[in-house]
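# Predicted structure and sequence below. I'll ask about it afterward.
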Amino acid sequence: TYRLSVAGRRLTLVLLSAALRIWAFAIWSLASTLRISYHPLEFWPSLQRSLATGLGVGQVVPALLMLGLIVATPLLIWNLLEEWAAVYTPTSEGLRFESLFGIVLLYPWTTIVAIRPADDDVDEPLDELLLSSDVSTQIAHPILRFLHRQAFGSHRLPLFTGLEDRDELITEIRRLTQSHTPA
């Protein structure tokens, strides 16, 4: 079984902390840019007042940027949490991947097409498994399936930089993939 090392968990916590701060800043900045209140009874009236007075480019552009951050940052946080909880287990049937909220996927050895570097320009290696089919259909809950797909894609699975004994896992995946490839 392979999971994030202590250093990998530490880095993920730092990234999570930064993402949460960015998200909080975006929420605060949107309210101050549009001059709205997040109080449940004041939100719609304050938004209507702000729109009625008219918004200039100096408000619209930052508001759209902050709105983009408000939507995208929780997806980044999900990705980091899924990385935090990732557990890889080579079995005789395939590579078993476990993560948040009971996500358990089995990637049969025959569906693993290749292992390739995800980014050649980084100091730390990040590889990914390329897959011939989408196994995320094994996730029954549609929201969890969507979140998993947006984090990793439907035809790839990252092998994170911070994995403990990562090189050993890659060697084992290559060995088992080759042994299950028809001649």
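Happy to help now that I have it.
# List the contacts of the residue most central in space within the chain.
A centroid search over the chain (Cα atoms, centre = their mean) returns Asn79, at 2.0 Å, as the residue closest to the centre. By Cβ atoms under 8 Å, 6 or more residues apart in numbering, the contact set of Asn79 is Gln150, Ala151. For the C-beta atoms, the positions are set from N, CA and C on the backbone; glycine is no exception.
# That one belongs to a strand?
No. Applying DSSP: H, G, I helix; E, B strand; the rest coil, one finds Asn79 to be helix, outside a strand.
# which residues in this protein form helices?
Along the chain, the segments classed as helices by DSSP state H run 6-34, 43-53, 57-85, 142-152, 166-179.
# what about those, which gets the closest to Gly94?
helix 166-179 (8.2 Å; Cβ to Cβ).
# May I have the phi/psi pair for Leu126?
Recorded main-chain torsions at Leu126 are phi -130, psi 110, according to degrees, to the nearest 10.
# ah, wrong one, I meant Glu42
For Glu42, the backbone dihedrals (degrees, to the nearest 10) come out as phi -110, psi -10.
# For it, the count of nearby residues, please.
Glu42 has 12 neighbours, counted by other Cβ atoms under 10 Å.
# ok, now how distant is it from Leu129?
As for Glu42, its distance to Leu129 is 49 Å (criterion: Cβ to Cβ, to the nearest Å).
# got it, and Thr110?
13 Å.
# okay, the two: which has more neighbours?
For Thr110 versus Leu129, the count of surrounding residues by other Cβ under 10 Å is larger for Leu129: 23 against 13.
# Retrieve the pLDDT associated with the more buried one.
The model reports Leu129 with a pLDDT of 92.
# ok, it - contacts?
With contacts taken as Cβ under 8 Å, 6+ apart, Leu129 has the following neighbours: Leu95, Tyr107, Ile112, Val113, Ala114, Ile115, Arg156, Leu157, Pro158, Leu159, Ile173.
# Pick the one among those residues closest to Gln59.
Nearest member of the contacts of Leu129 to Gln59, counting by Cβ to Cβ, is Pro158, at 38.4 Å.
# The spatially closest residue to the closest one that is not a sequence neighbour: how many residues sit nearby?
Among residues not flanking Pro158 along the chain, Glu128 sits closest, at 4.7 Å (Cβ to Cβ, 6 or more residues apart in numbering). Counted with other Cβ under 10 Å, residues neighbouring Glu128 total 19.
# repeat for Ile77
For Ile77, the count of nearby residues is 16 (other Cβ under 10 Å).
# thinking it is in contact with Ile22, fair?
No. Applying Cβ atoms under 8 Å, one finds Ile77 not in contact with Ile22, separated by 9.7 Å.
# Report the contact partners of Pro108.
If you count contacts by Cβ under 8 Å, 6+ apart, Pro108 has them with Glu93, Gly94, Val135, His180.
# Tell me the spacing between Leu16 and His180.
Relative to His180, Leu16 is positioned 36 Å away (criterion: Cβ to Cβ).
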